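Novice: predicted model follows, preceded by the sequence.
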Amino acid sequence: MSSRPPTPAEIVPAWRHVLSADLAAHAQHPAASFVQLATLDVDGFPANRTLTFRRFGQAGELVFTTDLRSQKCEQITHDAKAEACWYFANARVQWRLRGRVSVAGARSRKCQALRAEVWARLSDSSRQRFLWPAPGLPLCEPMNLASPRLATPPASFGLLILLPQRAERLDLRAAPNRHLSWSATRSGWRMTELNP
Ligand SMILES: Cc1cc2nc3c(=O)[nH]c(=O)nc-3n(C[C@H](O)[C@H](O)[C@H](O)COP(=O)(O)O)c2cc1C
C-alpha cells in the first residue's frame, strides 16, 4: 500500500458538496444543468459557449459531452485553461470554476467506462447530433434526422473533463451577500471568505 498523501485532485473537495446541494435544490429545473464554459482560442480571444453538465468525476471534475470535431476541442489542445460559470436562478447563486480541461475520445483508455456510461444516458436526440456533419462548418448537406439506436458511441463522441483548481460561490440571496472561494493547494483545498 502506498503511503503517498493524496494529491488535491484525489480528495473530493468540500466545494463539491456545496455545489451538489445547489444542484439538488434545482433538480426540478432543467435549465440549471446549463453551464457556460470559456476557453481561449488560438489567437488568445476568449471563446464561450453553453454546455450541459452531465455528472461529477471522482475528484470533483465536471463532465460534459462534446463533438470531438468542434472548435472547443481544438482550442483545448492548444491551451487547456478554462473557466465554467453557472447560475442557479432560484437560489440567486453563481459558481465560477477555474481549471484545466481534458478531452476524452475513443482512444482515451482511462475514460472508456465513463464515456460509455455517459453515452448510455443520452437521449436519442442528443446521440443523433454526433452523426451530423462536423459542427461549425458551412452547411453543406441535409441533416440526417434518423435516430439509429447506437449501442456504442461514434468516433465523434467525446467527453470534456474540467478539473477545477479554484471554485467560487457568490450568494446574492444572503444578506449581506456571501462570497466563498476554495483553492487547491499542495496540502488540500483551502477555503477563504471574500468580500462580495
Ligand atoms: C442549452 C444548450 C446546451 C448545450 N449543450 C451542449 C453540450 O452539452 N455539449 C456541446 O458540445 N455543446 C452544447 N451546446 C452547443 C454549444 O453551446 C456550442 O454551440 C457548440 O458546442 C459548439 O461550440 P464550439 O464551436 O465552441 O466548440 C449547447 C447549447 C445550448 C444552447
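Specialist: That came in fine, so what should we check first?

Novice: for this protein, longest strand please?
Specialist: strand 157-171 (DSSP state E).

Novice: list the strands paired with that one, with their directions.
Specialist: strand 62-67 (antiparallel), strand 93-104 (antiparallel), strand 178-185 (antiparallel) (DSSP bridges).

Novice: format those strands as a markdown table; extra columns: distance to V35.
Specialist: Bear in mind the C-beta positions are built from the backbone N, C-alpha and C, glycine included. Listed next are the strands paired with strand 157-171 as a markdown table, based on distance: least, C-beta to C-beta, whole Å:
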| stretch | distance to V35 |
| --- | --- |
| strand 62-67 | 7 |
| strand 93-104 | 8 |
| strand 178-185 | 17 |
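
Novice: out of the ones you listed, nearest to the ligand?
Specialist: strand 62-67 (4.1 Å; C-beta to the nearest ligand atom).

Novice: how distant is that closest one from the center of its chain?
Specialist: Centroid separation between strand 62-67 and its chain, computed with C-alpha atoms, centre = their mean, to the nearest Å, is 6 Å.

Novice: flag every residue of the protein that's near the ligand.
Specialist: By the rule C-beta under 6 Å from any ligand atom, the part of the chain lying against the ligand is 34, 47, 49-52, 64-67, 70-72, 135-136.

Novice: if you set the cut-off to 8 Å instead, what comes out?
Specialist: Proximity of the chain to the ligand is confined to 31, 34, 39, 47-54, 64-67, 70-73, 75, 126, 135-136, 160 under the rule C-beta under 8 Å from any ligand atom.

Novice: now intersect the residues you listed with the helices, please.
Specialist: Those of the residues of the chain next to the ligand mapping onto helices are Q71, K72, C73, Q75, S126, per DSSP state H.

Novice: can you say which of those are buried?
Specialist: K72, C73, Q75 (16 or more other C-beta atoms under 10 Å).
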